[in-house]
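Colleague: I'd like to go over a predicted model; first the sequence, then the structure.
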Amino acid sequence: MFCKWRRRDRRCTHIIRFVSAIALVSSLGAVGWMTVQPLLGEGVTADTAYESDLGVNMRVDRSLNGQWAHYAACPAEAENNVDAFGKLSWAALAAGLCTMERTADGSRRPPGNAVVAIRDTSRERYFAKRDLQAWQIAYEHLDMQVQELSLPEATELSQFTVLVCLGLAFTDKLCLQAEDQLLLKTWQRINQIYGMRALLWRKDGFCSTLTGALHGSRVRPDFFFRCWTLPQEKKEFLAAASSGDFPKDQAWIVKPTGRGEGNGIFISDSAKAISNMPLDGHIVQPFLERPLLIEKKKWDLRTYVLVTSTSPLRAYFYSEGLVRFAALPYNATACRGGPGNEHRCLTNTSINKKFAHISQLTWTYRKLRKHLTEHGMSSQTVFRAVRRAITKTLLSAEYDFRATFHRVKPGYRCASCFQLLGVDVILDEKFNPFVIEINGLPSMQLSHEMGVPIDRTADYADTKLGLTHDMLEILYRPPSIAAGLARSLTALGMRKETSGEWCQAAKKKKSEHNYCLDMGDLEELVQVQRENAARGRFVRLYPSSDSDQFDDLVLHSHRRISAEFGTRTQTNWKLHWVTTQLAKLAASNSPPE
């Protein structure tokens, strides 16, 4: 005999409370199915727990063409589902969220077979040779057909489910121009976020975006190195160098904006000497002369960050990555000595592998965590600080992304876009992290050298294969979270008003955190929670349980957005507050990240 959801049926009270507790535990974030499973008993899955809580017979088809979930009809909003305030209860919200999930999944199902188009615009297919194998393995795991498109080949937008753009050329209209991205259907995705290359990927864009974002704010620019573009900002650079903000003997590092892999970088101990050089298309930054060393060598972190939205921001930090070392022990004096000391002063693997075997130049994060622990340092504290610096960087760019999208079309959000970033971070001797730069096309090469057979058990391949697998789980296999999100929102005091919005019960009280959520807000929350539930070895950057530490930065950004586009600051701010509170609920039931 099944127990129906009736508050007056005392025989069912203990069953209702038990099932509700299970749903609440499973819903509040990253507890994971393995945590919930022991509570359920043999033969009962976590999906079944949601089914019981919702009162709906829900089926999840993981076989794909494997990734799009199928749901039976969601429960209706029964009039007798009322709470003590006489308002519609959490079950009504759960029903609406379930319908929202089902609609989203249906709209993302391709009309035919799922096809991944790999498009390489580089000379001699450099990026395809480097990365194609990793993406083939990842997408074929989802039963998607992978095709490589040659550059001159005409491509109809309707022919692919995912477009993976490799290369840096602006000549490929399909991959980098917004007018074609506007034509993408809801079931299509592209692996580049429009504007990323100009705003954060290029070194000069990175400088101007972060410098402009913090102007007039209370946020300290302590997570990146100040920078100037030459020759345009030569006067400003010389003024800053002589202002007293830097030591008189400050060394400076100069980088070309259009090159990578450490090419063209040099260090100088004279700002005046740099200003007299015929430099065009370069940036200059203070050189970090006291970095944190390991075994007397300079090192930095290559972190991997998945961004699924820039405004509002949704971003995830992969828990594994690469630690990159210079080939020889660090010597600050030698670094001032001009060319010839790159293998002491720079950490780019492409430079240092000329002087040492690749196995001596890289560590995994696992090895770094072990080293830090053995030397009395908290790896959790270090990585928490690293994640904080990266989050500040991405949040700082929200206004610029919104402005870039608005120029394409008012209201455009690049909803079909996602991007995997390689974010390089270095720590000073006091463990303060600084974001060096962002690579919008990080290497997915599965071996240390092109053409070398893959050893899937090796750390290098294992990191990349795990990264691509977990990334696609977030994008294509999000589980149902309707019941859990409904319970969490009601736990925050949300109730349905006659307007159809979900508002806090304490709305009439004077509080800066009394908000109403409309359908657009609920859709965003569903997306946030579903991605989080599928994130695997990714860690939430934003929104997260400690996002309130970014209140000043978010508020400053949203005030700029409101002033420019006419939206209310509170309209933008409320999602920041609600998603933070939801993440706090989840964190209270999860192990620390």
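Modeller: In hand now; what should we look at? As the structure is a computational prediction, the values presented were derived from the model and not from experiment.
Colleague: What's the mean pLDDT across stretch 231-247?
Modeller: What stretch 231-247 shows for mean pLDDT is 92.
Colleague: and the end-to-end length of it?
Modeller: By Cα to Cα, to the nearest Å, the extent of stretch 231-247 from end to end equals 23 Å.
Colleague: Just the CA coordinates for the one helix or strand Arg487 maps to, please, in CSV.
Modeller: Per DSSP states H and E, Arg487 falls inside helix 482-491. C-alpha atoms of helix 482-491 as CSV (Å, rounded to 0.1, in the frame of the first residue of the first chain):
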residue,chain,number,x,y,z
ALA,A,482,13.6,19.7,-9.3
ALA,A,483,12.5,18.2,-6.0
GLY,A,484,15.8,19.2,-4.2
LEU,A,485,15.8,22.8,-5.6
ALA,A,486,12.2,23.2,-4.6
ARG,A,487,12.9,22.1,-1.0
SER,A,488,16.0,24.3,-0.8
LEU,A,489,14.1,27.4,-2.0
THR,A,490,11.3,26.8,0.5
ALA,A,491,14.0,26.4,3.2
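Colleague: which strands and helices sit next to that helix?
Modeller: helix 13-27, helix 46-54, helix 90-107, helix 519-533, helix 569-587 (3 or more Cβ pairs under 8 Å, 6 or more residues apart in numbering; DSSP states H and E). (Glycine included, C-beta is placed from N, CA and C.)
Colleague: between it and helix 569-587, how big is the angle?
Modeller: Angle of helix 482-491 versus helix 569-587, following axes from the mean of the first three to the mean of the last three Cα atoms, to 10 degrees, is 110 degrees.
Colleague: What average pLDDT does whichever helix or strand comes after helix 482-491 get?
Modeller: Following helix 482-491 in sequence order, the next helix or strand is strand 494-496 (DSSP H and E). For strand 494-496, mean pLDDT is 78.
Colleague: Kindly report the same for stretch 158-171.
Modeller: So the average pLDDT for stretch 158-171 ends up being 79.
Colleague: Pull the residues that contact it.
Modeller: 110, 114-122, 126-128, 131-132, 135, 139, 144, 147, 172, 174-176, 185, 187-192, 197, 441 (Cβ atoms under 8 Å, 6 or more residues apart in numbering).
Colleague: Please name every helix or strand in contact with the strand of greatest length in the chain.
Modeller: Ranked by residue count and defined by DSSP state E, the top strand of the chain is strand 297-310. Other helices and strands packing on strand 297-310, by 3+ Cβ pairs under 8 Å, 6+ apart, are strand 313-318, strand 322-325, helix 379-396, helix 398-408, strand 419-427, helix 459-476, helix 519-533.
Colleague: who does the second one pair up with?
Modeller: If I follow you right, that is strand 322-325. Its sheet considered, strand 322-325 pairs with strand 297-310 (antiparallel), strand 362-364 (antiparallel) by DSSP bridges.
Colleague: For the helix or strand following it, name the packing helices and strands.
Modeller: Using DSSP H and E, the helix or strand that follows strand 322-325 in sequence is helix 332-335. Here helix 332-335 touches helix 342-345, going by 3+ Cβ pairs under 8 Å, 6+ apart.
Colleague: what separates the helix it packs on from the chain centre, distance-wise?
Modeller: 31 Å (Cα atoms, centre = their mean, to the nearest Å).
Colleague: Average pLDDT for the longest strand of the chain, rounded please.
Modeller: On average, the pLDDT along strand 297-310 is 97.
Colleague: same thing with stretch 333-349?
Modeller: 81.
Colleague: Please identify the buried residues of that stretch?
Modeller: Buried positions in stretch 333-349, judged by neighbour count with 16 or more other Cβ atoms under 10 Å: Cys335, Arg336, Asn341, Glu342, His343, Arg344, Cys345, Leu346, Thr347, Asn348, Thr349.
Colleague: residue contacts, the nearest residue to Val408 once chain neighbours are set aside?
Modeller: For Val408, ignoring the flanking residues on the chain, the nearest one in space by Cβ to Cβ, 6 or more residues apart in numbering is Ala178 at 4.3 Å. Applying Cβ under 8 Å, 6+ apart to Ala178 gives the contacts Tyr194, Val408, Tyr412.
Colleague: so which of those comes closest to Leu97?
Modeller: Tyr412 (25.5 Å; Cβ to Cβ).
Colleague: and that closest one, helix, strand or coil?
Modeller: coil (DSSP: H, G, I helix; E, B strand; the rest coil).
Colleague: Now for it: which residues touch it?
Modeller: Tyr412 neighbours (Cβ under 8 Å, 6+ apart): Ala178, Leu182, Phe405, His406.
Colleague: Most widely separated two among those residues?
Modeller: Longest span within the contacts of Tyr412, Cβ to Cβ: Leu182 and His406, 13.0 Å.
Colleague: hmm, back to that, which of the strands paired with strand 322-325 is buried the deepest?
Modeller: strand 297-310 (a mean of 22; mean count of other Cβ atoms under 10 Å).
Colleague: Okay then, goodbye and thanks.
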